[in-house]
Structure formats: structure tokens, C-alpha cells
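*Asks:* Please find the sequence and the predicted model below.
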Number of protein chains: 2
Amino acid sequence: MGALKLNDKAIGLIAGKNFGYLATTNKDGSPHVTPVWVDREGDLIVVNSIVGRTKVRNAKRNPKVAIAITDASNQYNMVTYRGTVVAQTTKGAAEHIDKLYRKYIGKGKYTGDRRRIILKIRPEHYAEQWTT
Amino acid sequence: MGALKLNDKAIGLIAGKNFGYLATTNKDGSPHVTPVWVDREGDLIVVNSIVGRTKVRNAKRNPKVAIAITDASNQYNMVTYRGTVVAQTTKGAAEHIDKLYRKYIGKGKYTGDRRRIILKIRPEHYAEQWTT
């Protein structure tokens, strides 16, 4: 599938203190889902994790992922993308978690595990609607 | 994996107007994630969808799923389970969507698509912590 541009709704949701729910595929083929802080680099959705974390290993084995990004103040306002992790890099990843910390928590630095890694997700398929 | 009992935190989250983010596996092996209303039947997590919907077809093909259930008032308060869809049934599913409608929206009935189907998820692996 080709790359999509993020639409204004997605860009707005990513700009806010909103979570993504990132789905990856485990080694045994079962799905995995985990909440993530979200950022953006152009039309790539950017998340930050820790080297060796399940989602990181999963995305290395199978870069196909899906992510739902939801409005923290209204769960019905959300976007979902399927896409591909086109890059994983540790470069700048510690600084990037501090940036996310300031966005989501406030002043200061992230005090957790700093062996960070950035995952860049190229959106390829979009679903907007909340459907029960 | 064996079945788990839902813990008090999960039971509390399911009792509230909180969403689940359900991950399934697409035909091409890529993951799919979608928000769902959640209910419980003993230690099974119960969701309600529409016959033919992607998550329903996915769970029929591969019943392994994952679900994150998050506190609508505090996204950091959440549980995640991996598990298996052990039953899909249309029996009572239209009444069940009305029950969920009353829980999440209020009085009245669900006015959307009524070709409903219930998915029952047996939890088999638990993760509690929010981890960036």
C-alpha cells in the first residue's frame, strides 16, 4: 500500500495530549496492543519506546502495525491508521522522550528507562469512524 | 495459555463507561485495532459488533486477540489482556447492544445496525502497567 498524508483531524489529535493504541504482531502470530504517546514527523506517526520492549521486537519482526489515536476528552473522536514501521532509531530517542514528557506531563525530564528507541509509522490505510 | 480470572481493576474498568481497544489480525497478517464498548460475563470480556465487520471476520479466522481497557477519565489507568475469542454468537446480541447503549449513552435503544454479534474473549495474559 502507498503512503497516506495525515489529515487535519489526525494532526490535531497528535498535537494534543492524546494517546495512541498501537497494535503489533507477537512472535506466535497473536496481536499485541499497548498505549503510546504520539508525535509526528511530517506525515509519519512517531512513537517512542524502549529497546527490547515487546512492541519494538514485534515491529522489527513484522513492521505492519495499526494505531488508534483517540481524543482524551472524547473517546468517540478518534482516527485509526494501519501502516508500516519504516524506521526504528535510537538516535535522538532520549531527547525525544523528554519532548514527549513535556508535552504529556509538563516541565522536566522523563525519569524512566532512557534506553529509548523511536518508531516511525508510515500511514497507509485510514479509518475515521467510531462504529460500535 | 490457560484462562485468567479478571482482577478487580479490570472489573471496575469494565463496569464504567470505558472503552476497549481491540486488536485482531487481518487476513494479510497485519494487525487491526478498533475501539469497542466492553461488557463482562463472569471472567469473559464481552464485546458487541456487527456481522461481517473486520474485527469479527478477523476473530473468526484467528481467535487470538488483545484488548486494552482504559479509564475514560485517566488514560494512564488501564489494563491489557491478551486472550482468545472463545465464542461468537448472534443470540441475544441485539438486546445486548441496547444494554451497552444504555450503559454508555443513556436511556433508549441503539439505532444503528442491528445485525449484531457478541464476541466473548477469554483473558489469558495480563499486563497492567502503563509504560512509555
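*Replies:* Right, received. Where do you want to start?
*Asks:* neighbouring strands for the lengthiest strand in chain A, and are they parallel or not?
*Replies:* In terms of residue count, the longest strand belonging to chain A (DSSP state E) is strand A:74-89. The sheet places strand A:74-89 alongside strand A:64-71 (antiparallel), strand A:116-127 (antiparallel), with pairing taken from DSSP bridges.
*Asks:* Show me where chain A dips below the pLDDT cut-off.
*Replies:* A:1 (pLDDT under 70).
*Asks:* Which stretches in it count as strands?
*Replies:* With DSSP E as the criterion, chain A has strands spanning A:19-25, A:31-37, A:39-41, A:44-50, A:64-71, A:74-89, A:116-127.
*Asks:* circling back: between the strands paired with strand A:74-89, which one is nearest to B:Gly16?
*Replies:* strand A:64-71 (15.9 Å; C-beta to C-beta). C-betas here are computed from N, CA, C, even on glycine.
*Asks:* Show residues contacting that closest one.
*Replies:* Applying C-beta atoms under 8 Å, 6 or more residues apart in numbering or on different chains, the contact partners of strand A:64-71 are A:10, A:13-14, A:16, A:18-25, A:36, A:38, A:45, A:47, A:59, A:77-85, A:121, B:19, B:21, B:23, B:28-35.
*Asks:* Tell me which of the strands paired with strand A:74-89 is the most buried.
*Replies:* Counting by mean count of other C-beta atoms under 10 Å in any protein chain shown, strand A:64-71 has the highest mean neighbour count of the strands paired with strand A:74-89, with a mean of 24.
*Asks:* tilt between that one and strand A:31-37?
*Replies:* 40 degrees (axes from the mean of the first three to the mean of the last three C-alpha atoms, to 10 degrees).
*Asks:* Can you tell me the centre-most residue of chain A?
*Replies:* Centroid check for chain A by C-alpha atoms, centre = their mean gives A:Val47 as the closest residue, at 4.0 Å.
*Asks:* So it sits against A:Tyr21, correct?
*Replies:* No - using C-beta atoms under 8 Å, A:Val47 makes no contact with A:Tyr21, being 10.9 Å away.
*Asks:* Mutual contacts of the two, please.
*Replies:* Joint contacts of A:Val47 and A:Tyr21 (C-beta under 8 Å, 6+ apart) are A:36, A:67.
*Asks:* do you know how far the closest residue to A:Asn26 other than its chain neighbours is from A:Ile117?
*Replies:* Distances taken as C-beta to C-beta, 6 or more residues apart in numbering or on different chains put A:His32 closest to A:Asn26, at 5.1 Å, once the chain neighbours are dropped. For A:His32, the distance to A:Ile117 equals 16 Å [C-beta to C-beta, to the nearest Å].
*Asks:* Which parts of the helix ranked longest in chain A count as buried, going by neighbours?
*Replies:* In chain A, with assignment by DSSP state H, the single longest helix is helix A:93-104. Using 16 or more other C-beta atoms under 10 Å in any protein chain shown as the test for burial, helix A:93-104 gives A:93-94, A:96-97, A:100-101, A:104.
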